[in-house]
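Engineer: The following comprises the amino acid sequence and a computationally predicted model.
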Amino acid sequence: MSGTSESKVILVWPSDVSLKISDVTERVISRIMDEGTAEVVGVGEGIFLVCSALNLSCEIARTYIDEITLGYVDDKVFGKSPSIYAHLNQQERINFEQLAAEEEKTMDNLSDRTISVGHEIPMEKMVTRSLMALARFDEIKLIGAGGSINQAVTLALKLSLGQISKDPVGVKLIHLYSINMRNDPAKRISAISIYLQKGYSEKTDLLNKKFL
């Protein structure tokens, strides 16, 4: 796990997946204490670890996410990898839970618009399901929990930046949160909802951000 000295970004690579969530959380909170803000990037398999650390940081400390975007990070070792970026500070500027609730109020037939992402489902099938939903609706919702967060981010990028959708598609909203585990309701796990809308033009590619 590393970050450049210039940008002081906390970078979590696929090679960092052996780290504990608490290890990354400690780094985030330490950066908040020292700087008042923190920037975190999860690359490839490190996406779920970052999302879990972000959720835990916001639950136990006065830290709030005020920006979260998806894109690709290009590295000579790992290649061009799906990634997630978040900026945090100590004041709540955006209530993502409220924004997600307001977004869903405008989405009829929400179950038909929702694509559940899982390890057991091939990416090709999830892409096809998403495209079929986008053929019916202007906006759809991708959801993933646990390690499936990695697949949800990958799917969102294939649809928004991969030029596979017949109509241009953009990521309108990303909501990170925690849910109870099905097999053990006493434990909670991180989850993500990604809202994609046809014609939405605000696309942020992490390659445009100088992290490396």
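Structural biologist: Yep, that arrived. Everything quoted here is computed from the prediction, not taken from an experiment.
Engineer: only C-alpha atoms for contact and neighbour calcs from this point on.
Structural biologist: Will do.
Engineer: Strands of the protein, start to end?
Structural biologist: Shown for the chain, the strands assigned by DSSP state E span residues 10-12, 37-43, 64-75, 79-89, 114-116, 139-145, 169-180, 188-198.
Engineer: Can you name every helix or strand that the last one contacts?
Structural biologist: Spelled out, that is strand 188-198. The helices and strands touching strand 188-198, judged by 3 or more Cα pairs under 8 Å, 6 or more residues apart in numbering; DSSP states H and E, are helix 46-60, strand 139-145, helix 148-161, strand 169-180.
Engineer: returning to that earlier point: tabulate the strands of the chain in TSV, adding columns for mean neighbour count and mean pLDDT.
Structural biologist: Output for the strands of the chain, formatted as TSV (neighbours: other Cα atoms under 10 Å; pLDDT from 0 to 100):
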stretch	mean neighbour count	mean pLDDT
strand 10-12	23	95
strand 37-43	24	95
strand 64-75	20	92
strand 79-89	21	94
strand 114-116	19	97
strand 139-145	23	97
strand 169-180	19	94
strand 188-198	21	95
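Engineer: got JSON lines for the helices and strands packed on strand 188-198, with distance to Ile29 too?
Structural biologist: Output for those, formatted as JSON lines (distance: least, Cα to Cα, whole Å):
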{"stretch": "helix 46-60", "distance to Ile29": "7"}
{"stretch": "strand 139-145", "distance to Ile29": "23"}
{"stretch": "helix 148-161", "distance to Ile29": "22"}
{"stretch": "strand 169-180", "distance to Ile29": "18"}
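Engineer: Looking at the ones you listed, which is nearest to Ile94?
Structural biologist: Nearest to Ile94, of all these, is strand 169-180, at 10.9 Å by Cα to Cα.
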